[in-house]
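Chemist: Show me the folded form of this:
(2 chains)
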Amino acid sequence: AQKVTQAQTEISVVEKEDVTLDCVYETRDTTYYLFWYKQPPSGELVFLIRRNSFDEQNEISGRYSWNFQKSTSSFNFTITASQVVDSAVYFCALSEASYGGSQGNLIFGKGTKLSVKP
Amino acid sequence: NAGVTQTPKFQVLKTGQSMTLQCAQDMNHEYMSWYRQDPGMGLRLIHYSVGAGITDQGEVPNGYNVSRSTTEDFPLRLLSAAPSQTSVYFCASKRGAELFFGSGTQLSVL
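Modeler: Residues are numbered from 1 along each chain as shown, chains lettered A, B, ... in the order given. Coordinates of the predicted model:
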């Protein structure tokens, strides 16, 4: 069965600190997708990144970077030089790439609440 | 291009009342789904649909009904609301592997 674990329930940092949000997943599929979503205090869900299981290259987008390691089933998210606007709940999610059965439904972790203090 | 539109944004119900949460998308996506979000629980899948006339259950389907008569609309029905259904509900449509979310409905059942 698929499962996503975000062990960090809440993290608090001071502005300009770097912070890493952990995500560990379980799946029996060899083909799957991993995602990160951001939920700011306003409540909407903002898509950040999608990674497929065949692409283990790390990705950097501005202050955001993602480290995908199949060997440890992890897809960690790092914010460099954090800012107050980064305060949000961050969700990691997993979906199978196959389109039978579950039709690629996304399974979400429980989320990590990040508070960045000025 | 409106994307995924959910109505209402807020709703208060009394135990036993029924209501329908509306969801519409204008992206011609075949796949649509409903999630509920509870504190400390992340998002959990309620029901999903892979096309008009086809629906299936997710992780937490009890107490909810869905139907999909058109590609655009995927309403979620609560036939007899219970306090345990107090939650934030998100509708989403999907293209390929990417999910597009609505802005959510905050539902309180008293």
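
Chemist: Report the mean per-residue pLDDT for stretch A:22-41.
Modeler: The average pLDDT within stretch A:22-41 is 93.

Chemist: Give me the buried stretch members for it, please.
Modeler: Across stretch A:22-41, burial judged by 16 or more other C-beta atoms under 10 Å in any protein chain shown covers A:22-25, A:27, A:32-39. The C-beta positions use only the backbone N, C-alpha and C, and glycine is treated the same way.

Chemist: and which of these is nearest residue A:46?
Modeler: residue A:38 (4.4 Å; C-beta to C-beta).

Chemist: which strands and helices sit next to the worst-scoring helix or strand of chain B on mean pLDDT?
Modeler: One helix or strand of chain B scores below all others by mean pLDDT, DSSP states H and E: strand B:98-101, with a mean of 88. The contact analysis (3 or more C-beta pairs under 8 Å, 6 or more residues apart in numbering or on different chains; DSSP states H and E) places strand B:98-101 against strand A:46-52, strand B:87-95.

Chemist: What are the contacting residues of the last one?
Modeler: In this case it means strand B:87-95. Contacts with strand B:87-95, where a contact means C-beta atoms under 8 Å, 6 or more residues apart in numbering or on different chains, come from A:43, A:45, A:104, B:4, B:6, B:21, B:23, B:25, B:27, B:29, B:31-38, B:43, B:46, B:74, B:76, B:99-102, B:104-107.

Chemist: Where does pLDDT dip in the chain?
Modeler: Just going to use chain A. When residues are selected by pLDDT under 70, those of chain A lie in A:97-103.

Chemist: you looked at the wrong chain, it should be chain B
Modeler: Within chain B, the ranges that satisfy pLDDT under 70 run B:1.

Chemist: thinking again about what came up before, now the buried members of the contacts of strand B:87-95.
Modeler: By 16+ other C-beta under 10 Å, those give A:45, A:104, B:4, B:6, B:21, B:23, B:25, B:29, B:31-37, B:43, B:46, B:74, B:76, B:99-102, B:104-105, B:107 as buried.

Chemist: Let's see which of those end up in strands.
Modeler: Among these, DSSP state E puts B:4, B:6, B:21, B:23, B:25, B:31-37, B:43, B:46, B:76, B:99-101, B:105, B:107 in strands.

Chemist: just the strands in chain A please.
Modeler: All strands of chain A, identified by DSSP E, fall at A:3-5, A:10-14, A:19-21, A:24-26, A:32-39, A:46-52, A:59-61, A:64-69, A:74-79, A:88-96, A:107-108, A:112-117.

Chemist: Just the buried residues of the first one, please?
Modeler: The neighbour-count criterion (16+ other C-beta under 10 Å) identifies residue A:4 as the buried residues of strand A:3-5.

Chemist: Can you give the distance of it from its chain's centre?
Modeler: Distance of strand A:3-5 from the chain centroid (C-alpha atoms, centre = their mean, to the nearest Å) equals 11 Å.

Chemist: And the contacts of it?
Modeler: Contacts of strand A:3-5 (C-beta under 8 Å, 6+ apart): A:23-27, A:92-94, A:107-109, B:42.
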